[in-house]
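Q: below is the structure, and that's it, no one-letter string:
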């Protein structure tokens, strides 16, 4: 079993962030309010590889380009980074080889978070 099963990405403007992530990754995020937490959930399937999470707007959550890095698996880092820019994000690290482990890239989302991408090609 992989040790990580959930992540939360802090946001300032949930609507803007939801639009950005839906556009970049081609998925629908499900909005939900759980008490003081305003969230938008990434898709989830039980009993499959990987983890899921949500965008999170709440007291104590602040976007950051320092600290923990979350990596999304993608088919094409270059293509995804192109979409990131088209949707209002910024490329921080272009496609970079990491040896036998494939490639990575980093971007800043519309909220100011540093997010990673990973691909084997």
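A: It's in. Because the structure is predicted, anything quoted here is derived from the model rather than measured.
Q: the protein: helices as residue ranges?
A: 14-25, 77-86 (DSSP state H).
Q: just the ones you listed: most buried one?
A: helix 14-25 (a mean of 19; mean count of other C-beta atoms under 10 Å). Where C-beta positions appear, they are placed from N, C-alpha and C, glycine not excepted.
Q: correct me if wrong: residue 32 contacts residue 55.
A: No: the criterion here is C-beta atoms under 8 Å, and residue 32 misses it with residue 55 at 10.4 Å.
Q: distance from the longest strand seen in the chain to the middle of the chain?
A: Ranked by residue count, the top strand of the chain under DSSP state E comes out as strand 90-97. Centre-to-centre, strand 90-97 and its host chain are 15 Å apart (C-alpha atoms, centre = their mean, to the nearest Å).
Q: partner strands of it, with direction?
A: strand 103-108 (antiparallel) (DSSP bridges).
Q: ok, and what's touching the strand it pairs with?
A: Strand 103-108 is contacted from outside by 65, 69, 71, 77-78, 80-81, 84, 89-98, 114-121, using C-beta atoms under 8 Å, 6 or more residues apart in numbering.
Q: buried ones among the residues you listed?
A: Those of those that meet the buried threshold are 77, 80-81, 84, 89, 95, 114-115, 117, 119, by 16 or more other C-beta atoms under 10 Å.
Q: with respect to residue 6, which of the residues you listed is nearest?
A: Nearest to residue 6 out of these is residue 115 (C-beta to C-beta; 15.9 Å).
Q: and the closest one, what are its bridge partners?
A: Judged by DSSP bridges, the bridge partners of residue 115 are residue 107.
Q: wait, it sits on residue 109?
A: Yes: the pair residue 115 / residue 109 is scored as a contact, 5.7 Å apart, by C-beta under 8 Å.
Q: who touches both of these two?
A: In contact with both residue 115 and residue 109: residue 9, using C-beta under 8 Å, 6+ apart.
Q: distance of the closest residue to residue 65 other than its chain neighbours from residue 121?
A: Among residues not flanking residue 65 along the chain, residue 114 sits closest, at 4.0 Å (C-beta to C-beta, 6 or more residues apart in numbering). Distance, residue 114 to residue 121, using C-beta to C-beta, to the nearest Å: 23 Å.
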